[in-house]
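> make a model of this:
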Amino acid sequence: MKGPNIFDYATSELSQDAFLCYLFSFGKEANKQNFPNEYALAHKFLFKCGVDAEEEILSVEKQVDNIDVLVITSNHILIVEDKTYSNEHDNQIIRYVRNMTEDNTKFPTDKKIKVCYLKTGDYVKGYTPLDDVLSNEDCRSLRRQDLIELLKECHQDQVINMFYEHLLKIEKEIVACDHEDIFTWRRAKWFNYLYNLLKNKDKKFDIGNVPNAKGGFYACWFDWEYEGKVEKYKQIEIYFKEGKTDFVNLCFKVASDNKEITSSYKNEMIVWQKEAIQKGYSRPKCWRIGRTTTYACKNGKTKQDIESFINE
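Residues are numbered from 1 along each chain as shown. Just a heads-up that it's a prediction; the model follows:
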């Protein structure tokens with residue numbers, strides 16, 4: 001019988017950082033004899049992160065200069081940027097690499113830098129460096145399924161086993177929602193549903209969190225098109241209550257570089273708004289024009305509502 005799982009409660013990215021450090025630490029030479037299975041697992045993980053599995057793991061630290069997990073091996077410095085549902089922001093990985101190369105007092109200068117971008121929650125696309133300080137070849141992106149595949153080989157250790165079961169639980173929640181109404185869905189299910197739906201329709205899209213003072217929402221953006229100086233697109237907004245879907249808003253939006261540009265398209269937005277109203281959408285109750293503006297929307301109640309919005 002399975003007992004309580006610490007990761008049902010330790011759900012933050014800091015808790016996940018601690019687990020990754022725990023797993024990597026088994027790969028130190030001092031643990032090879034007493035923990036051979038865990039030692040081998042740590043080095044398989046190292047290989048998945050883009051570093052030769054044969055390299056010796058010398059040190060493992062977390063939150064060094066804001067780096068989530070830092071692993072020093074015999075030939076490499078491995079930066080693990082660890083995410084659950086949040087995204088990489090403010091070019092943070094490039095900043096870590098720059099700081100590391102510019103400050104020779106904190107880090108070894110004779111080792112090559114590698115980066116692993118890890119996401120165990122949702123996942124749209126891997127990490128691509130936008131600066132020549134780091135090459136594509138030195139970056140690896142991993143997702144929840146990669147860790148499940150890794151950990152199923154060896155989970156005799158109780159902590160490793162609990163983390164493995166935690167990841168499996170997310171997968172099971174996704175499958176369990178397949179034939180249920182959307183108001184039973186959790187965030188991981190929304191990601192898989194929207195990702196597979198839009199991917200199969202060969203649409204460009206993005207999915208992520210939108211923070212605000214009220215706690216934010218989960219969103220999917222797609223069907224971008226330019227109309228002069230503004231950009232029109234569709235947005236699906238999903239709000240949660242106690243972990244489950246509470247409200248889904250289907251929005252037609254316009255955005256530009258500044259509020260004045262968007263405001264200058266008010267007449268056009270009124271025309272687009274009328275077209276949307278004829279299709280069953282409504283004008284927002286508080287219609288205010290800003291840099292980004294919703295000009296029509298409606299409540300999504302079923303999968304058919306979502307799919308019709310995507311297809312129209």
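> low-scoring stretches of the stretch 1-150 of the chain, by residue?
Low-confidence segments of the stretch 1-150 of the chain (pLDDT under 70): 1, 104.
> nope, the stretch 151-300 of the chain is what I was after
Looking at the stretch 151-300 of the chain by pLDDT under 70, you get 154-155.
> in it, which spans are helices?
Secondary structure of the stretch 151-300 of the chain (DSSP state H, counting those that start in this stretch): helices located at 158-176, 187-200, 259-263, 266-278.
> against residue 274, how distant is the residue at the greatest distance from the centre of the chain?
Farthest-out residue of the chain from its mean C-alpha position, per C-alpha atoms, centre = their mean: residue 267, at 37.3 Å. Distance, residue 267 to residue 274, by C-beta to C-beta, to the nearest Å: 11 Å. C-beta here means a position set from N, CA and C on the backbone, and glycine is covered the same way.
> how about residue 55?
Computed with C-beta to C-beta, the distance linking residue 55 and residue 274 is 64 Å.
> and for the nearest residue to residue 181 once chain neighbours are set aside, the neighbour number?
In space, and not counting its chain neighbours, residue 181 is closest to residue 302: 7.2 Å by C-beta to C-beta, 6 or more residues apart in numbering. When neighbours are defined as other C-beta atoms under 10 Å, residue 302 has 12 of them.
> right, and residue 302 touches residue 182 too?
Yes - contact criterion C-beta atoms under 8 Å: residue 302 and residue 182 qualify, at 6.6 Å.
> can you list the domain ranges for this protein.
Following automatic domain parsing, the chain resolves into domains at 6-171, 180-311.
> just the endpoints, please. Distance across the last one?
Read that as domain 180-311. One end of domain 180-311 sits 22 Å from the other (C-alpha to C-alpha, to the nearest Å).
> chain center to it: distance?
19 Å (C-alpha atoms, centre = their mean, to the nearest Å).
> try the longest one
Mean-position distance between domain 6-171 and its chain equals 15 Å (C-alpha atoms, centre = their mean).
> compute the first-to-last residue distance for stretch 249-265.
23 Å.
> which stretches of the stretch 101-250 of the chain form strands?
112-119, 139-143, 205-210, 217-227, 230-241, 244-255 (DSSP state E, counting those that start in this stretch).
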